[in-house]
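Trainee: got a structure for you, letters missing:
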């Protein structure tokens, strides 16, 4: 079983504009294991960020690599910086609440519970 996983993770080749490339970091989107690996990696990042943060969020929910976090406004910048330090190879972006609307998975939770 582990040999199969190793083959899936180490055998990612692609051709772009006539040149052959080998992916050396991460998994290919079409790989049969990419969703499982992505979930394991994000769970590890999530655990390390929350465990080591001085300003723990009140709520942390995740769907694949999209995360919904509730944290006091005064701790937001420090928490975002801490997240980037924990996993510098992953690009984290942040969107904040505007007029009671929070962009998340195109669902847009709002204060009061209904989306727009």
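Mentor: Good, I have the coordinates. Because the structure is predicted, anything quoted here is derived from the model rather than measured. Residues are numbered from 1 along each chain as shown.

Trainee: Look through the chain and report the residue furthest from the middle.
Mentor: The outermost residue of the chain, judged against the average C-alpha position, is residue 18 (31.8 Å), by C-alpha atoms, centre = their mean.

Trainee: Now for that residue: which residues touch it?
Mentor: By C-beta atoms under 8 Å, 6 or more residues apart in numbering, the contact set of residue 18 is empty. C-beta: built from backbone N, CA, C; applies to glycine.

Trainee: 2 is where my numbering starts, stick with that
Mentor: Okay, using 2 as the starting number, the last item reads as residue 19.

Trainee: Where do the helices of the protein begin and end?
Mentor: 3-11, 35-53, 77-87 (DSSP state H).

Trainee: Report the angle between the helix or strand bottoming out on mean pLDDT in the chain and helix 35-53.
Mentor: Lowest mean confidence among the helices and strands of the chain (mean pLDDT, DSSP states H and E): helix 3-11, at a mean of 72. Counting by axes from the mean of the first three to the mean of the last three C-alpha atoms, to 10 degrees, helix 3-11 lies at 90 degrees to helix 35-53.

Trainee: how far does helix 3-11 sit from the chain's center?
Mentor: How far helix 3-11 lies from its chain's middle: 23 Å, per C-alpha atoms, centre = their mean, to the nearest Å.
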